[in-house]
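**Q** Dropping a prediction and its sequence here:
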Amino acid sequence: MKKYSIIQKFNALVQIQTIIISALPYIIGSLMASYYYHHFNLSYCLWLFLAVISFHLAVNGHNQYTDYLRYKKNHVTSYNNILEKFNISQKWARNVIILLTLVSATIGIILSFKVGWIILLIGFFSYLIGYCYSGGPYPILKTPFGEPASGITMGYNITLLGIYVNIYNIHPFDSFFWAKAIIVACPAIFAIANVMLANNICDVEEDVKIGRKTLPFYIGRKNALIVLCIYYVLAYIFLILSVVLHYLPTLAFGGLLTIPLVYRSTRTFVKDPHKETTFKGILMNVLLVLVSEIIFSLIGLVW
């Protein structure tokens, strides 16, 4: 049996490479705060960023842990499960998840005394969805609601946190910042939801074996692929709307230049949805949509 280092096990358990999926919405929220509200708080912003990343990694680890228990309970062997593949003990996985959760919660509680209770409210709902996503007797990931849950939690809540931590002390305070955040967050919401949707499209047969009936199971693979395409269209529509409403700089329109690249990788996936080959194109689409939006917004902010 191949031996893995603690770092390799940690990186595998928490899916360290997915950090960027949480980082990008947070940066977008901070950019909106800087451009639209003309406020940016570097210190609190960095601390909350650490809490967001710790929470993201804890949720990833929890997903892998509960998946392992689910496969074990149903006596099904999965070559994709991280605990089995990297020989990670249940106790070690639990300790890592608890530690990351404590780091995130501690920072969040301390910050709430500095910037207000809204941080705790958003954090509470994020933790609740994060746990219910793969935990409890009826985890969200076994239902057709996994895609919107992941998209809203990571796409909207994190963007919302990125905005609020930078504008908590503006006068007068904008009580409708959460509604404006929806517009700005939608590209992230749909791009991130598509990662989960594409993953479920690829795993629909294996998921059924462990009682996981996701959206592709109910509407069929063909219709799920149509939804995938619609989500990308909506992502770009809301990017345009964010600029038109002046929530983001005009140069953020530059993000539309990625449409041909996103179209190409999406078309490739639709023709042959496969985890080992075409799925990486969907992951790349998240970067294309959000990184381009961030880069052009940054240029517009300092121009």
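**A** Here it is on my side, so go on. Residues are numbered from 1 along each chain as shown.
**Q** so what's the most centrally placed residue in the chain up against?
**A** Taking Cα atoms, centre = their mean, the centroid of the chain lies closest to Met154, which sits 3.6 Å from it. With contacts defined as Cβ atoms under 8 Å, 6 or more residues apart in numbering, Met154 is in contact with Ile21, Ser22, Pro25, His56, Ala188, Ile192. Every residue, glycine included, has its C-beta placed from N, CA and C.
**Q** Might you specify the subset of those located within helices?
**A** Among the contacts of Met154, DSSP state H puts Ile21, Ser22, Pro25, His56, Ala188, Ile192 in helices.
**Q** Now do the same for the fifth one: its pLDDT.
**A** Which is Ala188. Ala188 carries a pLDDT score of 96 in this model.
**Q** Which residues are in contact with the residue nearest to it when sequence neighbours are not counted?
**A** Closest residue to Ala188 apart from its sequence neighbours, by Cβ to Cβ, 6 or more residues apart in numbering: Gly155 at 3.8 Å. If a contact means Cβ under 8 Å, 6+ apart, then Gly155 has Pro25, Ala185, Cys186, Ala188, Ile189, Phe190, Ala191, Ile192, Ala193 as its contacts.
**Q** could you redo the last one with a cut-off of 7 Å?
**A** Pro25, Ala185, Ala188, Ile189, Ile192 (Cβ atoms under 7 Å, 6 or more residues apart in numbering).
**Q** Distance to Tyr36 and neighbour count for the residues you listed - can I get that in JSON lines?
**A** JSON lines is the format used below for the contacts of Gly155 (distance: Cβ to Cβ, whole Å; neighbours: other Cβ atoms under 10 Å):
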{"residue": "Pro25", "distance to Tyr36": "16", "neighbour count": "29"}
{"residue": "Ala185", "distance to Tyr36": "13", "neighbour count": "29"}
{"residue": "Ala188", "distance to Tyr36": "16", "neighbour count": "30"}
{"residue": "Ile189", "distance to Tyr36": "18", "neighbour count": "26"}
{"residue": "Ile192", "distance to Tyr36": "22", "neighbour count": "29"}
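**Q** Good, wrapping up.
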